[in-house]
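In: structure of the sequence below:
(one chain, ligands or ions: 1)
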Amino acid sequence: MKVMLTGGKGMLGRTLVKELAEFEVVATDLPEADITDETGFEKFLQTVKPDVVIHCAAMTAVDKCESQIDLAYKLNAEGTANVARACYKNHVRLIAISTDYVFEGSSEKPYSELDPATGGNTVYGKSKFAGEEAVRSFCPNHVIARISWLYGAGGPSFVHAMMSLADGSRPELKVVADQIGNPTSTTAVARMLRNILNRPELCGTFHMTCEGEASWYDFALEIFRLAGKNQKVIPCTTEEFPRPAPRPKNSRLDKMMLHLNGLPAMPHWQDALKEFMASEFDR
Ligand SMILES: NC(=O)c1ccc[n+]([C@@H]2O[C@H](COP(=O)([O-])OP(=O)(O)OC[C@H]3O[C@@H](n4cnc5c(N)ncnc54)[C@H](OP(=O)(O)O)[C@@H]3O)[C@@H](O)[C@H]2O)c1
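Out: Model prediction:
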């Protein structure tokens, strides 16, 4: 099976290349496969002739999206629509990567795939949701994989940020304790995408985050515990850390569709983090 990646040089794309080695993976990125150039992208797709596209390319800098609204929509909405149309016209299955930010984040419960998404309160979330809707409209043979709190080899990620902040120069670090989510490794996502690739009949929206839940504060404590770092961490509130894009209070995703389709559970976030810390920092 030939699998073409968009955004193949990004954090998730790089892990997919490594983890999906049993497939013929063609990792594309800028400049050769610009998703904002509809004609150019389709021509490129026609030369690669993949069976499946895993669409990772996006504008992922959440705060930057608030000030560069046109660019966010150009990439995350129009770019994704271009990929979806090209896949449909060329009979290619599309796996599009999306995010927990499509939800507003005020629910007390984890969000399932059946909960209505609106794009939430950020330009990033709204532009990614517009991208999801384009995938649903233009390419029926699709899987939308929503992931969150992502970290992977090379970063950038919360794990990398914490590790560089804990360089011994700060007596204490304040970390937000009133937002909860599912920290998720790119490796865990890649392994689940392998299952999805091997099940061509699957279609629709799937939540694909690690099991268990944590606040950023819990996540930081676990990073430092695994790294053997004696860094003092102080819990703080969202209000103490104002950001251009408001962060969802509740980013937890329920994996109902994985269960309903007989797919294995995602690993617990602490197990996935342990595996990652050993490979990324224990050198
Ligand atoms: N990172 C997270 O925490 C997170 C959480 C939830 C969901 N996601 C989703 O997961 C997916 C992968 O995220 P990631 O963290 O791997 O992203 P990333 O590291 O930012 O990678 C995105 C890649 O897309 C490329 N790209 C940008 N504009 C492009 C264009 N016009 N045409 C083709 N490629 C373009 C980027 O190139 P440049 O670097 O040159 O711009 C980069 O290599 C995205 O869909 C994202 O929305 C990420």
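
In: give me phi/psi at Ile54?
Out: phi -100, psi 110 (degrees, to the nearest 10).

In: for Gly119, see how far away Arg252 is.
Out: Going from Arg252 to Gly119 by Cβ to Cβ, to the nearest Å gives 18 Å. C-beta here means a position set from N, CA and C on the backbone, and glycine is covered the same way.

In: ok, now Asn90?
Out: Distance, Asn90 to Gly119, using Cβ to Cβ: 28 Å.

In: and Asp254, by the same measure?
Out: Using Cβ to Cβ, we find Asp254 at a distance of 19 Å from Gly119.

In: higher neighbour count, those two?
Out: Between Asp254 and Gly119, counting by other Cβ atoms under 10 Å, Gly119 is the more crowded of the two (21 against 17).

In: so what's that one up against?
Out: 101-102, 125-130 (Cβ atoms under 8 Å, 6 or more residues apart in numbering).

In: next: Phe41.
Out: Contacts for Phe41 (Cβ under 8 Å, 6+ apart) come out as 33-35, 82-83, 86.

In: which one (most neighbours) among these?
Out: When the contacts of Phe41 are compared by neighbour count (other Cβ under 10 Å), Val83 ends up highest, at 29 neighbours.

In: hang on, Val62 packs against Tyr124?
Out: Yes: applying Cβ atoms under 8 Å, one finds Val62 in contact with Tyr124, separated by 4.5 Å.

In: looking at these two, which is more packed in?
Out: Between Val62 and Tyr124, counting by other Cβ under 10 Å, Tyr124 is the more crowded of the two (25 against 19).

In: what is the closest residue to Cys236 other than its chain neighbours paired to in the beta sheet?
Out: Excluding its sequence neighbours, the residue lying closest to Cys236 (Cβ to Cβ, 6 or more residues apart in numbering) is Lys174, at 4.3 Å. Using DSSP bridges, the beta-bridge partners of Lys174 come out as Ile234.
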